[in-house]
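Engineer: Quick one: sequence plus predicted model below, questions after.
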Amino acid sequence: NAGVTQTPKFQVLKTGQSMTLQCAQDMNHNSMYWYRQDPGMGLRLIYYSASEGTTDKGEVPNGYNVSRLNKREFSLRLESAAPSQTSVYFCASSPKGAAIAKNIQYFGAGTRLSVL
Amino acid sequence: GQSLEQPSEVTAVEGAIVQINCTYQTSGFYGLSWYQQHDGGAPTFLSYNGLDGLEETGRFSSFLSRSDSYGYLLLQELQMKDSASYFCAVGEDSNYQLIWGAGTKLIIKP
């Protein structure tokens, strides 16, 4: 099983360019998340999808859009990249169920994005 | 506001025991979790506490006191491979959102 797969692993953009980060999970999880992690900091939630067909804003949604394409896939789009969006982006998923399940998130390997 | 506080860095010796503390202030509470992240890697789940008390998983244990809004991760018999950052996270609401601490970098010396 692949778990959570993110593409690409690395990306360099120029200010103003757009791109979509892809995420897919093969664990039949209901919930999926996009985080960003800046050096020496914890994870900040950008958007999440509690179930197929729903998306909600997290702590830092400005400058981003998301699409929950189906149960497996959750993409993150930067419409006009800015240097402040230079970060490591992680996608995660979690199953539906008891509280412990809700607190266990499975992460992809991350996308390292630089915006020049 | 919502916040989780944990030390930024802890240093310990190989074979020793280390405790990483986490205090939280959140609008809701649906459990305290701990994650490990090696440099350049992704966070991986270590432990979960939904109720007060101690949970043990091998060399790692985690404790929760909801009345004190406090928990800790205890690592025993430290090995060099335990060098990593450790994050506490609180399930803040029933919508599956986690609030994360800034992480504690654990440095292990031989």
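Structural biologist: Perfect, thanks for sending it.
Engineer: how deep is A:T86 tucked in, by neighbour count?
Structural biologist: Applying other Cβ atoms under 10 Å in any protein chain shown, we find 17 other residues in the vicinity of A:T86. In short, each C-beta sits where N, CA and C put it, glycine included.
Engineer: Show the contacting residues for it.
Structural biologist: A:L113, A:S114, A:V115 (Cβ atoms under 8 Å, 6 or more residues apart in numbering or on different chains).
Engineer: Apply 6 Å and report the result again.
Structural biologist: A:S114, A:V115 (Cβ atoms under 6 Å, 6 or more residues apart in numbering or on different chains).
Engineer: what's the pLDDT at the closest residue to A:T55 other than its chain neighbours?
Structural biologist: Leaving aside its sequence neighbours, A:T55 sits nearest to A:S49 (Cβ to Cβ, 6 or more residues apart in numbering or on different chains; 4.8 Å). On pLDDT, A:S49 comes in at 93.
Engineer: so B:Q2 touches B:L98, yeah?
Structural biologist: No. B:Q2 lies out of contact with B:L98 (Cβ atoms under 6 Å); the separation is 11.1 Å.
Engineer: Between the two, which is the more surrounded one?
Structural biologist: Taking other Cβ under 10 Å, B:Q2 and B:L98 do not tie; B:L98 has more neighbours (30 against 12).
Engineer: Could you look up the SS state of the nearest residue to the more buried one once chain neighbours are set aside?
Structural biologist: Nearest residue to B:L98, sequence neighbours excluded (Cβ to Cβ, 6+ apart): B:A89, at 4.3 Å. Three-state call for B:A89 (DSSP: H, G, I helix; E, B strand; the rest coil): strand.
Engineer: which stretches of chain B aren't confidently modelled?
Structural biologist: Low-confidence regions of chain B, defined by pLDDT under 70, span residues B:1, B:94-96.
Engineer: Spell out which residues of it are next to chain A.
Structural biologist: B:30-31, B:33, B:42-43, B:45, B:48, B:50, B:87, B:91, B:95-96, B:100-103 (Cβ under 6 Å from any Cβ of the partner chain).
Engineer: one step back: from B:L54, how far off is the residue nearest to B:L98?
Structural biologist: 18 Å (Cβ to Cβ, to the nearest Å).
Engineer: contacting residues for the residue nearest to A:T55?
Structural biologist: A:S49 touches A:M32, A:T55, A:R68, A:F74, counting by Cβ under 6 Å, 6+ apart.
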